[in-house]
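Asker: Sequence first, predicted coordinates after that:
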Amino acid sequence: MAKKFIIEGGRYLKGEIRVRGAKNAVTKQMVASLLAPGKSVLQNVPEIGDVEITKQILASIGCKIEHDPEAGILSIDAANLSTHRVPEEYSGLNRIPILLAGVLMHRFGAAEIPMMGGCDIGPRPVDFHIEGLRSLGADIRYEDGVYRFSAKRLTGARITLPFPSVGATENLMMAAATAKGTTEIRNAAIEPEIVDLALFLQSMGAIITQETDRTWIIQGVETLHAAQHRVINDRIEAASFAVSAIATRGDVIIKGADQLHMLTFLNWLRKAGGEFETVEGGIRFHGVQSKLKPIAVETGVHPGLMTDWQQPMVILLTQAEGMSVIHETVYENRFGYAETLNRMGARIQLYSECLGGRDCRFRNSGHRHSAVIMGPTPLKGAKIEIPDLRAGFSYLVAAVLAQGKTEISGVKYIERGYDRVVEKFQALGVPISVVEE
Ligand code: EPZ
C-alpha cells in the first residue's frame, strides 16, 4: 500500500539528530564485497530503501545476508554465488545493477545485467561504464535490453573518462582491483564516497593510489579477501537537515555531520547568511538570527557544490531577500520539482542558458538547467507528488515552512535514501504523520 506524509507547517526545527552512513557509499560497498569469496561486514549502515533493494539483488545471485538495522550492521557472505545473471526485476529500481559488471566478471568470467534505472533526472546513460570496461578487455554485447559482459580476466589499461562520473569511476575501480596489471583512471570522480570505496577495497587487499589530478591508479591483485568497514556518514542527509534548520529559523545539532566533507556546502551556506558552529561530534546550525541573502551558485563534481545539495538550497533561497541563481552542471534535468514549489508560493524561473557561471556541457542542449529564485516568498500548504529522491526531501522542508497542511505522495522516493526520516523530523518538533493512500 502506498503511503503519504501529512505535515502541519509553519514550524521551525529544534533539537538534535544523528546522520548515518551514506546511501551513495554503502550500496557500492555492498557490491564490492562480492569481489571476495567470504563474509564482509559493514557498519553504520542506514535504514533506507536502496539498502533493501541492493540486499535483494545480492541475495538473488547467491549472497547470504544478515542485517541488524538498529545497530546498522550488515554482513554479506559472498562465498557461494549462484549466478552471473542479475534478474530482470531489478532493472529500473536503482543504479546498482550496472556496478556488478566487473565484480561478476571477476567471479564468473561473465555478467548479465538488465538495463538500469534510478531517479528520473535525465537520461543517465552508461556509455562511460561500457567503454571503460571494454578498455579493460571485456567483450560487451547489448541484446534484448540486457548487457552481456565476458572476460576471463580483465587487463589493466589507461582510461580517461569524458566526465568525472561517480558511477563509472566506482565501476572501473572495482573491476580494476583484480585485473591483471595496472589501471589508471584519469578525469575520474573523487567524491568522498569514492575515497571510502577505495578504503574498503584497500582493507580487502587492493592497492589503490589517489594522485593529485583526478587520477586513480589501481595495481591489480589476483584475489581479495573479506573485510570490515565503517561506512562514511551521509553528507547529503546532513546538508539537507542543515538547510532545513536555517530555512525554518530553527536550531539543530547534527551529530555525524562532517565538516571535512561539507567544506564547500558550508561556505555557500555562510554566504547565504546561514549560521553554524562545530560542536563535539557534529555541527550546530542555527537560523534564528539569520538574515538570509541571495547567492549565485553552480553545482559541480567534487570538490564543487554537490548536485544533491541543490534542491534543499533552493528552498533556503526562496526565503532569502533578493534574486538568487543556481546553475546545475551535473544533470540536465534536475529542476523538475520547481513547478510544485511555485504552486506553493515560490517564485522560481527556469532557463536553458548557463546563468551565473561558466558555460557547461548543457549550453546548447535546450535543457532548462539554470534557475532564478526570487525571495522571500511565504509558502502555503498543498497536495504534492514527489518526482525524485532529492526533490522529495526539499518538498518536506517546504512543507515544514509552509503555512497550513501539506500532503506529500510518492514517499517511497524519500524512503529510498533517507534514514528514518519521519522519526527525525518528529524529533525536531515537526508534526508529521504517515497515512496509507
Ligand atoms: C551518483 O550517480 C549518485 N548516485 C547521484 O545521486 C549523484 O547525484 C551523482 O552520482 C553525482 O554526484 C549514486 O551514487 C547511486 P554520474 P551516478 O555517473 O553515478 C553522465 C541521489 O539522489 N554520465 O556521476 O549515476 C550522467 O548522465 C543520486 O542520491 C554519462 O553521460 O552519476 C550525468 O550527467 C541522484 N555517461 C553525469 O555524467 C555515463 O556512462 C554524472 O553522472 C555515466 C554518467
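Answerer: That came in fine, so what should we check first?
Asker: Could you pull out the buried residues of stretch 157-175?
Answerer: 157, 159, 161, 164-175 (16 or more other C-beta atoms under 10 Å). All C-beta atoms are positioned from the backbone trio N, CA, C, and that covers glycine.
Asker: Using the three-state scheme, assign the residue in the chain that the ligand sits nearest to.
Answerer: With C-beta to the nearest ligand atom as the measure, Gly167 is the residue of the chain nearest to the ligand, at 2.8 Å. Of the three states, Gly167 takes helix according to DSSP: H, G, I helix; E, B strand; the rest coil.
Asker: Quick check: closest non-adjacent residue to it.
Answerer: Nearest residue to Gly167, sequence neighbours excluded (C-beta to C-beta, 6 or more residues apart in numbering): Arg95, at 5.9 Å.
Asker: neighbours around that neighbour, how many?
Answerer: 19 (other C-beta atoms under 10 Å).
Asker: Report the two of the buried residues of stretch 157-175 separated the most.
Answerer: Farthest pair in the buried residues of stretch 157-175 (C-beta to C-beta) is Ala157 and Val166. Separation: 20.0 Å.
Asker: Contact residues of the stretch 251-400 of the chain facing the ligand?
Answerer: 307-308, 330-331, 389-390 (C-beta under 6 Å from any ligand atom).
Asker: Repeat the analysis, applying 5 Å as the threshold.
Answerer: Within the stretch 251-400 of the chain, the positions near the ligand by C-beta under 5 Å from any ligand atom are 307-308, 389-390.
Asker: just the stretch 1-150 of the chain next, same as before
Answerer: Contacts of the stretch 1-150 of the chain with the ligand, taken as C-beta under 5 Å from any ligand atom, map to 24, 95, 124-128.
Asker: Which positions within stretch 223-243 qualify as buried?
Answerer: For stretch 223-243, by 16+ other C-beta under 10 Å, it's 224, 226-227, 229, 231-243.
Asker: try stretch 38-46
Answerer: By neighbour count with 16+ other C-beta under 10 Å, stretch 38-46 contains the buried residues 39-42, 44-46.
Asker: Show me which of those residues is closest to Gly62.
Answerer: Lys39 (13.2 Å).
Asker: Next, find the distance separating the closest one from Thr169.
Answerer: Distance, Lys39 to Thr169, by C-beta to C-beta, to the nearest Å: 27 Å.
Asker: Tell me how many other residues crowd Glu143.
Answerer: 8.
Asker: Quick check: phi and psi at it.
Answerer: For Glu143, the backbone dihedrals (degrees, to the nearest 10) come out as phi -140, psi 130.
Asker: pLDDT score assigned to it?
Answerer: pLDDT for Glu143: 86.
Asker: I'd like the numbering to begin with 7 instead of 1 from here.
Answerer: Renumbered: residue one is now 7, and that last one reads Glu149.
Asker: hey, what's it bridged with?
Answerer: Counting by DSSP bridges, Glu149 is bridged to Val152.
Asker: Spatially nearest residue to Leu269 (excluding sequence neighbours)?
Answerer: Pro309 (7.1 Å).
Asker: Give me the number of neighbouring residues for the one you found.
Answerer: Pro309: 12 surrounding residues under other C-beta under 10 Å.
Asker: That one contacts Phe271, correct?
Answerer: No. Applying C-beta atoms under 8 Å, one finds Pro309 not in contact with Phe271, separated by 10.4 Å.
Asker: and Tyr148, what is it in contact with?
Answerer: Tyr148 makes contact with Arg154 under the criterion C-beta atoms under 8 Å, 6 or more residues apart in numbering.
Asker: Next, the buried residues of stretch 320-333.
Answerer: Of the residues in stretch 320-333, 320-326, 330-333 count as buried by neighbour count, 16+ other C-beta under 10 Å.
Asker: could you dump these to a markdown table with pLDDT and secondary structure?
Answerer: Output for the buried residues of stretch 320-333, formatted as a markdown table (pLDDT from 0 to 100; DSSP: H, G, I helix; E, B strand; the rest coil):
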| residue | pLDDT | secondary structure |
| --- | --- | --- |
| Val320 | 97 | helix |
| Ile321 | 96 | helix |
| Leu322 | 97 | helix |
| Leu323 | 97 | helix |
| Thr324 | 97 | coil |
| Gln325 | 97 | coil |
| Ala326 | 97 | coil |
| Ser330 | 98 | strand |
| Val331 | 97 | strand |
| Ile332 | 97 | strand |
| His333 | 97 | strand |
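Asker: Closest one of the residues you listed to Pro75?
Answerer: For the buried residues of stretch 320-333, the residue nearest Pro75 by C-beta to C-beta is Ile321; the value is 29.1 Å.
Asker: before we move on, back to that, which pair in the residues of the stretch 7-156 of the chain next to the ligand spans the largest distance?
Answerer: Using C-beta to C-beta, those span at most 20.5 Å, a distance reached by Asn30 and Asp133.
Asker: Compute the distance between the most far-flung residue of the chain relative to its centre and His112, please.
Answerer: The outermost residue of the chain, judged against the average C-alpha position, is Lys158 (32.3 Å), by C-alpha atoms, centre = their mean. Using C-beta to C-beta, Lys158 is found at 11 Å from His112.
Asker: ok, now Ser296?
Answerer: Distance of Ser296 to His112, given as C-beta to C-beta: 51 Å.
Asker: neighbours of the nearest residue to Leu99 once chain neighbours are set aside, just the number please.
Answerer: Spatial nearest neighbour of Leu99, excluding adjacent residues (C-beta to C-beta, 6+ apart): Ile59 at 5.0 Å. If you count neighbours by other C-beta under 10 Å, Ile59 ends up with 17.
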